[in-house]
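Asker: A predicted structure for the sequence below; I have some questions about it.
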Amino acid sequence: MVNDTSAPLPNVDVKDGFAGAIGDTPLIRIASLSALTGCTILGKAEHLNPGGSVKDRAAKAMIEGAERSGRLVPGSGAVVVEGTAGNTGIGLALMCRARGYRCVIVMPDNQSEEKVATLRSLGAEVELVPPAPFADEGNYYHVARRRAEALGAFWANQFENLDNARAHEEGTGPELWRQCGERLDGFVCSAGTGGTLGGTSRFLKAQDARVQCHVIDADGSSLFAHVMKGTLDADGSSFLEGIGIRRITANFAYGRLDGAFRGSDAEAVAMVYWLLKNDGLFVGGSAALNVVGAVKLARRLGPGHTVATILCDGAGRYQTRLFNREWLAGKGIVDVDFADLSFVKAAR
């Protein structure tokens with residue numbers, strides 16, 4: 001008798017392919033920071049998704065949304081195009097492999113070598129373009145749009161495609177709420193497209209309007225000024241990848257926020273090393289900045305509160321930068337051996 005391998009197995013805890021393995025990530029109590037702040041600091045371990053980042057959720061939602069609308073047909077060899085700093089591209093490349101599509105990724109050429117190499121290993125066609133402001137037609141976002149138009153392809157458009165935020169409103173947020181026992185005082189997250197922050201904050205505020213939802217914004221980004229002053233002012237720059245933006249996307253606008261913090265590259269790098277040394281957590285710079293935000297919010301709320309954030313990806317995609325003392329020194333960061341929390345400045 002030949003088994004029907006296309007049918008789901010009854011009464012067995014088996015995930016259905018790559019897409020089925022996305023989500024249901026653990027919620028981790030960060031012991032060192034919980035002890036030092038007097039709050040319970042929680043990190044949702046999105047770096048444990050099968051593609052290695054929180055962006056797997058957006059990739060899955062955007063592909064499945066296009067399939068529901070008829071824009072994509074599994075196994076058709078249709079082309080999917082996206083402009084990305086890397087992690088969404090990795091999620092899309094894997095979804096395309098699983099669904100039978102061709103994947104074309106446009107990304108700035110200042111992203112880590114590890115992410116570029118990973119994308120190419122996954123079969124994505126990668127086009128690297130010089131970094132350029134959004135107003136410049138050479139910006140990777142606009143280049144991706146033109147490539148999609150020229151190829152007659154599906155342009156995922158993660159910045160404005162609300163399937164991105166809905167993936168978190170329907171997945172990340174409910175998971176987090178359930179895992180913390182439906183008791184949470186604060187949620188902090190950085191934003192690139194705004195999907196994770198937008199969807200998760202929208203869900204949490206719908207459950208309990210008292211949950212304090214904040215963005216932690218990198219230098220050179222406008223989101224802090226937008227939330228706190230209603231402007232798009234921005235100062236400085238950041239080498240953290242995939243976060244920070246100088247415009248308001250549909251996904252970011254979808255969120256429900258109470259405030260904002262600023263966070264520096266130095267604080268994020270310090271937190272990368274702190275978490276590895278004290279908690280055995282090997283996370284990337286944006287995840288570390290998220291944890292910096294959690295500490296800032298915990299200090300603002302005071303002891304006894306519970307604050308959650310997103311561990312959006314691991315450090316393996318940034319090893320040649322974050323763990324390269326010479327590279328860090330070239331960015332003005334020369335001391336990454338920290339013995340206490342003094343490296344995280346007061347909430348600002």
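Answerer: Received, thanks.
Asker: residues contacting Arg57?
Answerer: Arg57 sits next to 22-23, 46, 49, 91, 167-168, 171-172, 196 when contact means C-beta atoms under 8 Å, 6 or more residues apart in numbering. Where you see a C-beta, it was placed from the backbone N, CA and C, and this is true even at glycine.
Asker: Ala191 too?
Answerer: 197-198, 215, 217, 223, 243-245, 252.
Asker: any idea which of these has the most stuff around it?
Answerer: Within the contacts of Ala191, most neighbours by other C-beta atoms under 10 Å means Leu197, with 31 neighbours.
Asker: Which residue is the nearest non-sequential neighbour of Thr306?
Answerer: Nearest non-adjacent residue to Thr306, counting by C-beta to C-beta, 6 or more residues apart in numbering: Thr40, 4.3 Å away.
Asker: Looks to me like Val80 is in a strand.
Answerer: Yes. Under DSSP: H, G, I helix; E, B strand; the rest coil, Val80 falls within a strand.
Asker: Now do the SS call for His168.
Answerer: Per three-state DSSP, His168 ends up helix.
Asker: ok, it to Ser76 distance?
Answerer: Distance, His168 to Ser76, by C-beta to C-beta, to the nearest Å: 28 Å.
Asker: The stretch 201-348 of the chain: helices as residue ranges?
Answerer: Taking DSSP state H, counting those that start in this stretch as the test, the helices found in the stretch 201-348 of the chain are 223-229, 250-253, 265-279, 285-301, 319-322, 325-330.
Asker: what's in contact with the second one?
Answerer: Okay, so that is helix 250-253. 158-162, 164-165, 191, 193-195, 197-199, 223, 245.
Asker: if we go to 10 Å?
Answerer: Helix 250-253 is contacted from outside by 58, 157-166, 168, 191-199, 201, 215, 223, 226-227, 245, using C-beta atoms under 10 Å, 6 or more residues apart in numbering.
Asker: now do the fifth one
Answerer: Outside helix 319-322, the residues that touch it by C-beta under 10 Å, 6+ apart are 111-114, 239-241, 268-269, 272-273, 276, 282-285, 288, 315-316, 327-328, 331, 333, 336.
Asker: switch the cut-off to 7 Å
Answerer: Helix 319-322 has contacts (C-beta atoms under 7 Å, 6 or more residues apart in numbering) with 112-114, 269, 272, 285, 315, 327.
Asker: Please, a PyMOL command that selects the buried ones among these?
Answerer: To isolate the buried ones among those in PyMOL, judged by 16 or more other C-beta atoms under 10 Å, type:
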select buried, resi 112+114+269+272+285+315
